[in-house]
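Student: need a 3D model of the following:
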Amino acid sequence: MVNVKFPYGKEYKEHSFKDNELLGVLESRINEYDPELCESELIEKALAFPVGSDTLCEMSRGKKNIVIIASDHTRPVPSKLIIPPMLREIRRGSPDADITILIATGCHRETTKEELISKFGEDIVMCENIYIHDCDEREKLVNIGTLPSGGECEINKIAMDADLLVAEGFIEPHFFAGYSGGRKSVLPGVAGRATVLANHCSEFIDSEYARTGRLENNPIHADMLWAAKKAGLRFIVNVVLNEDKKVIYAVAGDCEKAHEEGVRFLSSLCGAEKREADVVITTNGGYPLDQNVYQSVKGMTAAEATVREGGVIIMLSASSDGIGGDHFYRQLAEEADIEKTMAQFLSRSRSETVPDQWQTQIMLRVLRKATVIYVSEVPDGDVEKMHMIPAHSVEEALERAREILGREDITITAIPDGVSVIVK
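Tutor: Next up is the predicted model:
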C-alpha cells in the first residue's frame, strides 16, 4: 500500500493505494530542496545581491513617490516576510518618500481588511498607505499604448505616476502564462479589465505555446512583459515556495532578468514525467489557491497532461469561497453542450473576449478530454451544472470513477499539488 497526502483547504485528505493500481506520484522536487538559509535570510540576500540592477536602496535615492505592487488574497505570497525589508530598503535610500502599496487584484474581487491583515500583518495595514486596485475603476486607469497583441494597455494611474515602481511576488508554474511572478504584477495585476480580456483572448489561450512551463513564443507572456516594461516596473522581489508555503528561494532585481533567473531555478525542480492513467487525482495545492472552483482549473490542467483520453480526473479542492466567478459559472451552467460553448469562444476576436472566458475555455478543454469528479464543499447541484460530478471524499470519487469506466481494475496517477509541477 502507498499512502498519499493531498492538500485540501488548510488540511489534507489521505488515501492508501494498492501498489498495482498506482502508476506513480508526480511531484516536483521543490519539497526535497533544502536551502542553506532561513526564509528571511534568503530574502535579505536577494535584496543585497540583485540581478541586473542596482539595489533597491540605491534605486530609491531621490525618489519621492514610490509604489510597491503587492499580491492579493488569492496568492500565497509571504508578504509579511517580503514587504518589511522592501520598505526598509526604500526608506534607507529615500527617508521622506511617499510609499503606496498597490494591491494587484487583477480582475479578482476586492481584498478585505481582514485578508490584508492576515497577509501583511496589522502594523503594515494600520501604518502604510494601501490602495486596492479595481480593474473597472475608470478614473484610476491610464492608457500607455498598444500591446503586441493589438489590445489597448490600460494600467492603474497610481503605478504610472510613481517615480519608482517595484513589486513583490512568487514564481510557480502557470497554466497559460508559463510561469507566475515578475511581469504579471502589472498585467494582469494592476491592469484595466479590457486589457486583461485582450491578453486572455481565445486565440492566445488556444495557442500550443500558452501552456504550463512555456515562455518562449508564448503570446500571453509577450504581452505581459511588454506591459511591465512600458509601465516602468524597475525592481522585483520574487520567491519560490515549497508545499508548506515556506520560502526556499528568493531573487530580486530587474523585472525580466531576475524573473528569468527564478524561472531557471524553479524549472530545474518542478518537472515530472507523465504517467498516463485511467484516473488522475490532483489538487490546487491547498489554501489559498483552492478557495474556489475558478482557481482550481489550474490544478486540473496538470491532470489533463497525464490522464488518458476518455479517462477521469478527480479534483480535490475545498472551494470554501464558492465558485469564484459569476461569468465563469454561467458560461458553464447555461449551456448543456460544451462543444457549442467552445466553438463560440474560438470564434471571438480579442476585442470580443468576455470576463472569465479564458478560464472557462481551459476547463472546457479539460472536460473534452476527461470526466471531472470534483471533491469540494460546493453544493452538489452547482458542481453538476458546471459539467462535473460531485463527491466528498477520495474514496467516494474513486468509486464513481470505477462506475464511469465500467471496471474495478483501473490505473491511477496521483498529483498531490497540481500547481507545482510541470508534467512533461
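Student: residues touching Ser185, list them.
Tutor: Shown in contact with Ser185 (Cβ atoms under 8 Å, 6 or more residues apart in numbering): 69, 71, 104, 167-169, 228, 233, 236. Where C-beta positions appear, they are placed from N, C-alpha and C, glycine not excepted.
Student: swap the cut-off to 6 Å and go again
Tutor: Ser185 makes contact with 69, 104, 167, 169, according to Cβ atoms under 6 Å, 6 or more residues apart in numbering.
Student: what about the first one, distance to Ser393?
Tutor: Right, the one you point to is Ile69. 40 Å (Cβ to Cβ, to the nearest Å).
Student: more neighbours, those two?
Tutor: For Ile69 versus Ser393, neighbours defined as other Cβ atoms under 10 Å are more numerous around Ile69 (28 against 12).
Student: phi and psi next, for that one.
Tutor: phi -80, psi 120 (degrees, to the nearest 10).
Student: tell me what it is bridged to.
Tutor: Beta-bridge pairing of Ile69 under DSSP bridges involves Leu102, Ala167.
Student: closest to Ser320 among the contacts of Ser185?
Tutor: Ala104 (22.4 Å; Cβ to Cβ).
Student: chain neighbours aside, what residue packs nearest to that closest one?
Tutor: Leaving aside its chain neighbours, Ala104 sits nearest to Gly189 (3.0 Å; criterion: Cβ to Cβ, 6 or more residues apart in numbering).
Student: quick one: contacts for that neighbour?
Tutor: 69, 104, 106.
Student: what residue spans form the domains of the protein?
Tutor: Using automatic domain parsing, the domain parsing of the chain gives 2-26+273-423, 39-269.
Student: was I right to think Ala401 contacts Val312?
Tutor: Yes: with contact defined as Cβ atoms under 6 Å, Ala401 and Val312 form a contacting pair (4.3 Å).
Student: more neighbours: those two, which one.
Tutor: Val312 (27 against 23).
Student: select, out of the domains of the chain, the one closest to Glu32.
Tutor: domain 39-269 (8.0 Å).
Student: pipe the contacts of Ser185 into JSON lines and attach distance to Val263 and pLDDT per row.
Tutor: Putting the contacts of Ser185 into JSON lines (distance: Cβ to Cβ, whole Å; pLDDT from 0 to 100) gives the following:
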{"residue": "Ile69", "distance to Val263": "19", "pLDDT": "98"}
{"residue": "Ala104", "distance to Val263": "19", "pLDDT": "97"}
{"residue": "Ala167", "distance to Val263": "16", "pLDDT": "98"}
{"residue": "Gly169", "distance to Val263": "12", "pLDDT": "97"}
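Student: hang on, the residue nearest to Ala104 in a helix?
Tutor: No: going by DSSP: H, G, I helix; E, B strand; the rest coil, the assignment for Gly189 is coil, not a helix.
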